[in-house]
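A.B. asks: make a model of this:
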Amino acid sequence: MNTLVTVQQAGEIIQIMAWAGPLAGLLIGIAAGVARGKVAASAWQGLAIGLLGPIIWGLWLVYSHLVRYNPETGQAGLHSVTTLALSALIFTVAGIAMGSLYRKLVFRPRTHEETDTTADHAEND
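C.D. replies: Got it, this is the predicted structure:
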């Protein structure tokens with residue numbers, strides 16, 4: 001039985017996205033920034049989202065290494081509960097760390113003053 005997408009093809013797609021992601025994110029961020037009147041902030045946010053591509057690629061390489069098939073022993077990493085638990089731990093920690101960093105550095109919550117100024121501009125229009 002043939003698969004629709006092989007592991008190698010999936011790896012190649014993720015690698016292409018890792019290289020194209022930052023540039024695409026930056027360009028989309030700039031375009032959104034021009035529309036919103038906040039080019040620098042939007043470009044930074046777009047680039048930061050695009051940088052998730054290389055991070056995902058790195059996680060894919062770690063995962064691929066953990067679940068690889070060892071022809072000498074005949075075992076695959078997926079047959080081990082330890083590998084499953086380690087994968088879950090790595091991805092959970094990476095997700096929490098990236099979410100926290102992105103929330104603090106990229107998508108900062110608006111302050112009360114910024115919210116008030118936005119509301120004032122909307123009322124004046």
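
A.B. asks: quick check: the nearest residue to Leu105 once chain neighbours are set aside vs Leu27, distance?
C.D. replies: Closest residue to Leu105 apart from its sequence neighbours, by C-beta to C-beta, 6 or more residues apart in numbering: Ala48 at 7.6 Å. (C-beta placed from N, C-alpha, C; glycine too.) As for Ala48, its distance to Leu27 is 14 Å (criterion: C-beta to C-beta, to the nearest Å).

A.B. asks: okay, these two: which has more neighbours?
C.D. replies: It is Ala48, of Ala48 and Leu27, that has more neighbours when counted by other C-beta atoms under 10 Å, with 18 against 14.

A.B. asks: quickly find the element holding that one.
C.D. replies: For Ala48, the host element (DSSP states H and E) is helix 39-50.

A.B. asks: and that helix, what does it pack onto?
C.D. replies: Counting contacts by 3 or more C-beta pairs under 8 Å, 6 or more residues apart in numbering; DSSP states H and E, helix 39-50 packs against helix 7-36.

A.B. asks: off-centre distance for the helix it packs on?
C.D. replies: 10 Å (C-alpha atoms, centre = their mean, to the nearest Å).

A.B. asks: again, but for stretch 23-38
C.D. replies: That offset, for stretch 23-38, works out to 18 Å (C-alpha atoms, centre = their mean).

A.B. asks: same check, this time on stretch 82-98
C.D. replies: Using C-alpha atoms, centre = their mean, the offset of stretch 82-98 from its chain centre is 15 Å.

A.B. asks: do stretch 54-62 as well
C.D. replies: The answer for stretch 54-62 is 10 Å, by C-alpha atoms, centre = their mean.

A.B. asks: which residues touch it?
C.D. replies: Applying C-beta atoms under 8 Å, 6 or more residues apart in numbering, the external contacts of stretch 54-62 come out as 10-11, 14-15, 17-19, 21-22, 90-91, 94, 98.
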